[in-house]
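**Student:** pasting the sequence and the predicted model now:
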Amino acid sequence: MVNTQIFREENVELPPSDFQKGIKEKVKKRLKEKVEGKCSARYGFTIMVAAIVNQDKLEGRLDEITGCAHFKVKYRAIVFRPYPNEILMAEVNNITDQGMFCRAGPLELFVSKYHIPSPYKFNPVDKQYTCQRDDQEVEIIKKGSHCRLRILNWTIDRNKATGVATVKGPYLGFDQSLE
């Protein structure tokens, strides 16, 4: 999972009740409330605000109608933005006969049964995939298992990041060492 540090700019609105000592801290608090933990198509998932770049030069513009001050804040943010064909470690959340749902940080991924290697068979009673190897060892994929997967595509819908992935391919699959 690659986290990237980027520069962003955001407008922050401060109501008149906050016009007192410590206005810069209040602007920073409002900025964090507005962007941290949110997802956007352009930047990805904002993990945290690292620093405000123009904190010494913050100038607010008053709105004559509402009385609120508007600040244009430039800041550094740490974001998670996966790309197609990126390889991530994920945890299995749910298994169905159609495939499985995995979570890699804030990203919810679906792995279709067609993107799971063919030796694995779905067991509807235990809701898990099992695979019998030549050496008589049985591999089990169940809720809580970890896997290395490749993102095929992802999208953002209503501040939620979802995508489709595969575990077929070299160096992809289920990591029994993390169990």
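**Tutor:** Great, that's in hand.
**Student:** so where does the closest residue to Phe7 other than its chain neighbours fall, helix or strand?
**Tutor:** Spatial nearest neighbour of Phe7, excluding adjacent residues (Cβ to Cβ, 6 or more residues apart in numbering): Arg76 at 5.8 Å. In short, each C-beta sits where N, CA and C put it, glycine included. Using DSSP states H and E, Arg76 falls within strand 69-80.
**Student:** roughly how far does the residue most central in space within the chain sit from Thr96?
**Tutor:** What sits nearest the mean C-alpha location of the chain, by Cα atoms, centre = their mean, is Pro106, with 2.8 Å. Computed as Cβ to Cβ, to the nearest Å, the Pro106 to Thr96 distance reads 22 Å.
**Student:** thinking again about what came up before, I'd say the residue nearest to the centre of the chain and Glu36 touch.
**Tutor:** No. Between Pro106 and Glu36 there is no contact under Cβ atoms under 8 Å: 11.6 Å.
**Student:** quick one, phi/psi of Ala50?
**Tutor:** Here is the backbone geometry of Ala50 (degrees, to the nearest 10): phi -80, psi -50.
**Student:** give the contact list for the nearest residue to it once chain neighbours are set aside.
**Tutor:** Leaving aside its sequence neighbours, Ala50 sits nearest to Arg76 (Cβ to Cβ, 6+ apart; 4.2 Å). Neighbouring residues of Arg76 by Cβ atoms under 8 Å, 6 or more residues apart in numbering: 5-8, 49-51, 53.
**Student:** in these, which has the lowest confidence score?
**Tutor:** Minimum pLDDT for the contacts of Arg76 is recorded at Gln5 (83).
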